[in-house]
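J.: no FASTA, just this:
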């Protein structure tokens, strides 16, 4: 760890040109959702817009498309083909591949569920060249693909909580938590493939760790009120927005961690930690971005 560059200043977002238009600020594709997880992709989509994304598309199962779209009214949406049970069909992976052609960055996993089709979606995402953010079930499906580092051709950001990180590495959670920085750096070093640089890992928790195996950032914003369902989906959308806006995956993950936590702190100051929700974090993102800028 002695040769790791420790990052303390994550900077901010550049002012916008007066002659800019929505395509200048990134086209984000969010893939996720299921009957039991309707809110997850909508939270990511709304956070992506608050993070400055110019265009957001939600690719979600057809049975829930209209409901998800109503929760993220600024986004366009794509109904993914499902079988008679409402589960994603093999055709869904092809639809996602087509949708990705018009986007700058993919965020895959919020509320997506696990299964063979979902694993194929992850395989597609790894094999294409656009940056990818994997969270939640994106990570759970990734853990089922034993040789995934060799399949990767994309810049990649992984955003595991300690349990998801443990599944990806084979470590137990207590070991992860006992040495969060070293565990993240070591894992990212092992995940680097011959086709592209190591991925970025954002290990969530108190003092979120972000590393690409050569640089390390430990976030100091955030509070226990953010330990609520949907908070990670907000972070996913924020990272994707910052990448779509031109930041590198590492810089985007660092800045998103800081602003996400800062929004949570502002929400806690006003609402208290106990009553905070993920939607509150989204509401405070504009103030957090201004304060961080």
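T.: That came through, no problem. Treat the numbers as computed from the prediction; the structure is a model and nothing was measured.
J.: what ranges do the helices span in this structure?
T.: In the chain, the helices defined using DSSP state H lie at 39-50, 65-71, 91-100, 116-127, 137-143, 148-151, 162-169, 173-178, 180-191, 231-244, 249-271, 278-283, 285-292.
J.: for the last one, which positions count as buried?
T.: For helix 285-292, burial by neighbour count (16 or more other Cβ atoms under 10 Å) applies to 285, 288, 289, 292. (C-beta placed from N, C-alpha, C; glycine too.)
J.: Could you export the helices of the chain to a markdown table, including columns for distance to residue 199?
T.: As requested, those are arranged in a markdown table below (distance: least, Cβ to Cβ, whole Å):
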| stretch | distance to residue 199 |
| --- | --- |
| helix 39-50 | 19 |
| helix 65-71 | 28 |
| helix 91-100 | 18 |
| helix 116-127 | 10 |
| helix 137-143 | 10 |
| helix 148-151 | 8 |
| helix 162-169 | 11 |
| helix 173-178 | 17 |
| helix 180-191 | 5 |
| helix 231-244 | 13 |
| helix 249-271 | 8 |
| helix 278-283 | 25 |
| helix 285-292 | 24 |
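J.: Tell me the one of the buried residues of helix 285-292 nearest residue 214?
T.: Nearest to residue 214 among the buried residues of helix 285-292, counting by Cβ to Cβ, is residue 292 at 24.0 Å.
J.: tally of neighbours for the residue lying closest to residue 207 once chain neighbours are set aside?
T.: Counting by Cβ to Cβ, 6 or more residues apart in numbering, residue 207 lies nearest to residue 218, which is 5.2 Å off, once chain neighbours are set aside. Using other Cβ atoms under 10 Å, residue 218 is surrounded by 18 other residues.
J.: How about residue 25?
T.: Counted with other Cβ under 10 Å, residues neighbouring residue 25 total 20.
J.: OK, contacts around it?
T.: By Cβ atoms under 8 Å, 6 or more residues apart in numbering, the contact set of residue 25 is 16, 52, 53, 54, 244, 245.
J.: quick one: it and residue 55, what's the gap?
T.: Taking Cβ to Cβ, to the nearest Å as the measure, residue 25 falls 8 Å from residue 55.
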